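**Q** one predicted model, sequence on top.
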Amino acid sequence: MRDFLKVIRVIETDNAGYLLLKSLLPEDAIEWARNAGDLVMVKLKDDVDPKYVADAVNKIYYSLNR
């Protein structure tokens, strides 16, 4: 029997961030994406580290927006 609740790791972003992830990552790296109000929750495949992806994208973003 499946658990009623499950804890997963997702990336929380906006529409622009989601489009950026889609353009930077391989096509099969994103397992699913869901809208939640103005936010987009993105679940990456298990072999892709969401912390590494978020850190790398944030470094690029902050270096371009100084």
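**A** The structure has been received and is ready for your questions.
**Q** could you report the neighbour count for Glu31?
**A** Burial of Glu31 is recorded as 13 neighbouring residues (other Cβ atoms under 10 Å). Every residue, glycine included, has its C-beta placed from N, CA and C.
**Q** what about the longest helix along the chain, distance to the chain center?
**A** For the chain, the longest helix by residue count, based on DSSP state H, is helix 50-64. In terms of Cα atoms, centre = their mean, to the nearest Å, the centre of helix 50-64 is found 11 Å from the chain centre.
**Q** could you shift the numbering so residue one becomes 6, and keep it that way?
**A** Understood, numbering begins at 6; the last thing we discussed is helix 55-69.
**Q** go through that helix and flag the buried ones.
**A** For helix 55-69, burial by neighbour count (16 or more other Cβ atoms under 10 Å) applies to Val58, Ala59, Val62.
**Q** next, name the residue at the spatial heart of this protein.
**A** With distances taken as Cα atoms, centre = their mean, Ile16 lies nearest the centre of the chain, 3.5 Å away.
**Q** contacting residues for it?
**A** Residues in contact with Ile16 (Cβ atoms under 8 Å, 6 or more residues apart in numbering) are Gly22, Leu26, Met46, Val47, Leu49, Pro55, Val58, Ala59.
**Q** what residues are bridge-paired with it?
**A** Val47 (DSSP bridges).
**Q** and the pLDDT at it?
**A** Note on Ile16: pLDDT of 97.
**Q** quickly find the element holding Lys27.
**A** Per DSSP states H and E, Lys27 falls inside helix 20-29.
**Q** show the average pLDDT along that helix.
**A** For helix 20-29, the per-residue pLDDT averages 96.
**Q** okay, that helix in PDB with CA atoms only?
**A** Extracted C-alpha coordinates of helix 20-29, given in PDB (Å, rounded to 0.1, in the frame of the first residue of the first chain):
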ATOM      1  CA  ASN A  20       7.200  31.000 -15.100                       C
ATOM      2  CA  ALA A  21      10.500  32.600 -16.300                       C
ATOM      3  CA  GLY A  22      12.500  30.200 -14.100                       C
ATOM      4  CA  TYR A  23      10.600  27.200 -15.400                       C
ATOM      5  CA  LEU A  24      11.300  28.300 -19.000                       C
ATOM      6  CA  LEU A  25      15.000  28.700 -18.100                       C
ATOM      7  CA  LEU A  26      15.100  25.200 -16.600                       C
ATOM      8  CA  LYS A  27      13.500  23.700 -19.700                       C
ATOM      9  CA  SER A  28      16.000  25.400 -21.900                       C
ATOM     10  CA  LEU A  29      19.100  24.500 -19.900                       C
END
